[in-house]
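**Student:** Have a look at this prediction, sequence included:
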Amino acid sequence: MSRLKTFYGKKGEKGMSLLVFLVFFILGSALGMFMQTASLEEEFTGAAAAAAFLGRDWTGVMSPVGSISGFLRGIPYLPTMLCPDPVFQYKLFMLINSAAYALIPLSAFRLTEKLGVTKLWQRLLVTALCGIFPSVLIYSHYLLSEPLSAVFVWLLLLVIFRGEKENGKKAGAFFASVTAGVLTACAYFLSPSCAGVFLAVCLYCLYAKLAGVRKSIYFSTYSITFILLFAADIILTWLTNDLYAYSGGILQSVAGSLQALSENSAALLTLIGGRLYYFIISSWGLGGAGVTFAVIALVSFIRCKRRKEEQYYDDRFVSMGVLCTLMLIFAVPLDAFIKADCDISAQDTVFGAASVFAVTIPFILLFFCYIFVYGISYTRLLISVTGNGLAATAALLMYNCTQSGGQILSNVMTPGITSMLIGCDSSAGLTSSDMLYPICLLFTVFAAAVPVVCCTKNHASVITAFIFTGVICYACVSSASRHF
């Protein structure tokens, strides 16, 4: 650690950020060398988009992209199309993916400073946990489009909470607004549910104006940038429909969902419940605890504002908590609505793992930054446990098992859940009892943290952090052993 401190003292924030990026890029690349060829049908979409730029038509063996924006996901993979060996080609895919997903821990490291974490070892610990989280580790080694949207969500958070430059001058708000709009549009092109991110940022701008916090982006510039790119995707898809047989864009998905809900409106509650359940379980309750801490900070911020008292919570932490919570509130129901016309018995449809992943990992950052900066108490931990319990119960009540014939078909990976199914055989599908088991395990972990918080005072936050660090490390190793 002394050498890292020396390096940080000499190279500063930018040098340490580059080191973080290189470490996770090398780690991801090393694990990617164990992958041979694509194993999921969904992986061919990005490769097919890259092949289209070279004049190759893969529509005979797989479904075409949904809209013209689908071709954008193939741009980073263009160099791999020049490689004739499929195994070596896939390893090149892994190198590119590792570079993209290494931006998540890089963004996490930069954001820890904005959230008030000052000690280097704490910042590096939070960064490492965000980088090795099971969902990040697994999705970075598959050519899936939806999970890749998480990278743009993290970059969006970094742009919004960028702070000031080292010379004391504020970064250009106009340029940041345009960049934020482009990043949101890129996330939407990869995952349509990220249109909820756009709505969340719009409401966040309203909150920033009402709360009187520092304006980081211009609402008008940001919204116009996104709307122009959104409209361009629809218009260009319609204009080029005779040149390429698109499988349907956002308009067709909305029409299909409306038709499906007119025949079975209860399916929407099932899908929302499944996503809420996955958000809680895949994060081992840390996502729910992060939401709880964000709400506690917001309530305290408003109370101190009304009473004109000194603020206990930093406005940047409160603002990021508000934005991440709004992303969750809008993205999850929107993803459930878009997938309403899909197979309700499929695990990826019910849980929406790839889409929920994009708005889950920021709460891991919020959770650990909260306990490092503001500490943990018995009351806060009890509130977070109660919130997780109520949310998990609501999720199971919303999920109607009869919709899927008694079980969810286990047809796709769901990182974060498999490590919790200790002793359960879910190969044939997940039943209601299987879904209840992870919740019991989650409460067991939180119950172990309660006496620690009650019996320790000075080091409760550090010990609690290392308890959940062990949990994430176990989930990481367990998930990696199943996929590599």
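**Tutor:** Structure's in. What do you need? Residues are numbered from 1 along each chain as shown.

**Student:** Contacts for stretch 18-35, please.
**Tutor:** Residues from elsewhere that reach stretch 18-35 (Cβ atoms under 8 Å, 6 or more residues apart in numbering): 7, 11, 90-91, 94-95, 97-99, 101-103, 105-106, 109, 124, 127, 131, 137, 140-141, 480, 484. The C-beta positions use only the backbone N, C-alpha and C, and glycine is treated the same way.

**Student:** same question, stretch 320-335
**Tutor:** The contact list for stretch 320-335, computed with Cβ under 8 Å, 6+ apart, reads 111, 114-115, 153, 157, 160-161, 191-197, 199-201, 203-204, 207, 272, 275-276, 279, 290-291, 293-295, 297-298, 352, 355-356, 358-359, 362-363, 366.

**Student:** Can you tell me which helices and strands the strand or helix carrying residue 106 packs against?
**Tutor:** In this structure, residue 106 sits in helix 103-114 according to DSSP states H and E. For helix 103-114, the contact count by 3 or more Cβ pairs under 8 Å, 6 or more residues apart in numbering; DSSP states H and E identifies helix 2-32, helix 120-131, helix 145-160, helix 315-338, helix 353-373 as packing neighbours.

**Student:** mean confidence for the shortest one?
**Tutor:** Okay, so that is helix 120-131. For helix 120-131, the mean per-residue pLDDT is 90.

**Student:** separation between the residue positioned nearest the centre of the chain and residue 449?
**Tutor:** For the chain, the residue nearest the mean C-alpha position is residue 358 (2.1 Å; Cα atoms, centre = their mean). Using Cβ to Cβ, to the nearest Å, residue 358 is found at 27 Å from residue 449.

**Student:** Report the buried residues of stretch 195-212.
**Tutor:** 195-202, 204-205, 207-208 (16 or more other Cβ atoms under 10 Å).

**Student:** Is it possible to get JSON lines of the residues you listed that adds pLDDT, secondary structure and distance to residue 333?
**Tutor:** Listed next are these as JSON lines, based on pLDDT from 0 to 100; DSSP: H, G, I helix; E, B strand; the rest coil; distance: Cβ to Cβ, whole Å:
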{"residue": "195", "pLDDT": "88", "secondary structure": "helix", "distance to residue 333": "11"}
{"residue": "196", "pLDDT": "90", "secondary structure": "helix", "distance to residue 333": "8"}
{"residue": "197", "pLDDT": "92", "secondary structure": "helix", "distance to residue 333": "13"}
{"residue": "198", "pLDDT": "93", "secondary structure": "helix", "distance to residue 333": "14"}
{"residue": "199", "pLDDT": "93", "secondary structure": "helix", "distance to residue 333": "11"}
{"residue": "200", "pLDDT": "93", "secondary structure": "helix", "distance to residue 333": "12"}
{"residue": "201", "pLDDT": "93", "secondary structure": "helix", "distance to residue 333": "17"}
{"residue": "202", "pLDDT": "92", "secondary structure": "helix", "distance to residue 333": "16"}
{"residue": "204", "pLDDT": "92", "secondary structure": "helix", "distance to residue 333": "18"}
{"residue": "205", "pLDDT": "90", "secondary structure": "helix", "distance to residue 333": "21"}
{"residue": "207", "pLDDT": "88", "secondary structure": "helix", "distance to residue 333": "19"}
{"residue": "208", "pLDDT": "87", "secondary structure": "helix", "distance to residue 333": "23"}
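
**Student:** out of the residues you listed, who's nearest residue 374?
**Tutor:** Lowest distance from residue 374 to those (Cβ to Cβ) belongs to residue 207, with 20.6 Å.

**Student:** list the contacts for the closest one?
**Tutor:** Per Cβ under 8 Å, 6+ apart, neighbours of residue 207: 319, 322.

**Student:** Perfect, I'm done here.
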